[in-house]
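>>> Need coordinates for the following:
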Amino acid sequence: MRTDKRKVALIGTGMVGMSYAYSMLNQNICNELVLIDINRKRAEGEAMDLNHGLAFSASNMKIYAGEYKDTSDADIAVICAGVAQKPGESRLNLLKRNAAVFKSIVDPITESGFNGIFLVATNPVDIMTRITYSLSGFNPRRVLGSGTALDTARLRYLLGESLSVDPRNVHAYVMGEHGDSEFVPWSQAMIATKPILSLCGEQGEGGMEVICGEELKRIEEDVRGAAYQIIEAKSATYYGIGMALSRITRAILGDENSVLTVSAMLRGEYGQNDVYAGVPCIINKNGIFRVLPLDLNEEEKRRGKKGSGGKGRNHSEKHQQETEKDPNWKNNRQR
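You can find the predicted model right below:
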C-alpha cells in the first residue's frame, strides 16, 4: 500500500459512488481517483464531469475511468456496486446475486496485485463486507464496511437538534447490524463529558425537562427509520453515505487513528465471533487498528445479540454463515 500516492479505486459509479467521488473531490482527500464500472462509457462520462469542476476546487486530483488492473497500486478499493432487489425477491436470493457480482469484482482486483484496503458500501453492508473478506483472503482488519457510520452521524445530528448542541460535541454511537436491528447504547452516550442519561430529569429554561427517556426512544426510532423516510421521499439515499465513506477514507489515508463505527469482523468482542457488525473501531493506514469495546450494560448486550435469526443471532450473522457455506465464494489466500 502506498499512502504517499493516496490513490483510491471506486468500483460502481451509481448515485452512492458518485456522491462519494464528489465529496472526495471537494475535500481534496486523495491525489488519484480511478472510476471503474461495468458500463465503461458511464464511468468515462462521470470522470469528465468531475474533471470539468477541478478549476473551481482546491484540488489537483487526477480523475479517470479505468479497469481493474488500475487497482494494483491503489491504497483503497471502495465498492459501491451491486444489484437492486427485484419485486418479490427474497433477501437471501438478493444476497446470492450480489455475492456473484462481488466475485466478479473482488477476484480481478486481487489478481491485479492489489495490496490495499477494501471499503464496502453495498447493502446489506455487513454481509457484503464478510463476502469481500472471504473472496479476497485478506486479513479481516483490511476489509471493512461503512457499517453504522452514517447511522451514528444521523444520531448525533438529531441529538444536537434536540439539545441545541453542535453534533460534533455529541459522543454517541449506533451499533450492530446496519438495518432494523441496530441499536443505541445510551449508557455510553455523552454531551462533551456529561452522560446523556443524566440529563433525564434535569430542568432547563422555563422549568422544562432537558430531555426524557421517551424523547431518546423517539430519536433512536427516527435514526433507524431515516433511510426509509428518505427513500419514500426521493427513492434513494446517497449524499450522507458518500460523505461517510469520504470520512472513513480520510481516516485511512491520513493514518488518523480516528474512532468510527465501521463494519468490522468481531473475534470475541461483544460475545460474537467471525461475524461483521457496526462497532466503534480505531481506523488508521492499516484499516481497522483495533475494535474498541464499549462497556455495555446487560440490556444493551441483549439488544446487540437480538434478531430474527434465532437465539443470540442477528440477520447479519445468520446470512453471513449461510453465504459462507458456498465454496465458490471462498479464497484461502491471506494478505
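
>>> N123: what's it in contact with?
Residues counted as contacts of N123 (C-beta atoms under 8 Å, 6 or more residues apart in numbering) are G82, H178. Where C-beta positions appear, they are placed from N, C-alpha and C, glycine not excepted.

>>> and it, which of the three is it?
coil (DSSP: H, G, I helix; E, B strand; the rest coil).

>>> quick one: pLDDT of it?
pLDDT for N123: 87.

>>> Helices of this protein, start to end?
Assigned by DSSP state H, the chain shows helices spanning 15-27, 40-51, 91-111, 125-136, 149-163, 213-234, 239-253, 298-305, 315-324.

>>> want to try TSV for the ones you listed, with mean neighbour count as columns?
Shown next, in TSV, are the helices of the chain (neighbours: other C-beta atoms under 10 Å):
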stretch	mean neighbour count
helix 15-27	22
helix 40-51	16
helix 91-111	17
helix 125-136	27
helix 149-163	21
helix 213-234	14
helix 239-253	23
helix 298-305	15
helix 315-324	20
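
>>> got these as JSON lines, with distance to K5 columns?
Listed next are the helices of the chain as JSON lines, based on distance: least, C-beta to C-beta, whole Å:
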{"stretch": "helix 15-27", "distance to K5": "15"}
{"stretch": "helix 40-51", "distance to K5": "18"}
{"stretch": "helix 91-111", "distance to K5": "17"}
{"stretch": "helix 125-136", "distance to K5": "21"}
{"stretch": "helix 149-163", "distance to K5": "25"}
{"stretch": "helix 213-234", "distance to K5": "35"}
{"stretch": "helix 239-253", "distance to K5": "10"}
{"stretch": "helix 298-305", "distance to K5": "39"}
{"stretch": "helix 315-324", "distance to K5": "33"}
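
>>> weakest of those by average pLDDT?
Note on the helices of the chain: helix 315-324 shows the lowest mean pLDDT, a mean of 54.

>>> so what's A65 bridging to?
Going by DSSP bridges, A65 is paired in beta bridges with L35.

>>> Check what pLDDT the residue minimising distance to the centre of the chain gets.
Central residue of the chain (C-alpha atoms, centre = their mean): S146, 0.6 Å from the mean position. Listed pLDDT for S146 reads 97.

>>> and the gap between it and A47?
Distance from S146 to A47, counting by C-beta to C-beta, to the nearest Å: 23 Å.

>>> circling back to that earlier point, and the closest residue to the residue nearest to the centre of the chain other than its chain neighbours, what does it touch?
Excluding the flanking residues, the one nearest S146 by C-beta to C-beta, 6 or more residues apart in numbering is A121, at 4.8 Å. A121 is in contact with V16, G17, Y20, V78, I79, C80, G145, S146, I241, L245, counting by C-beta under 8 Å, 6+ apart.
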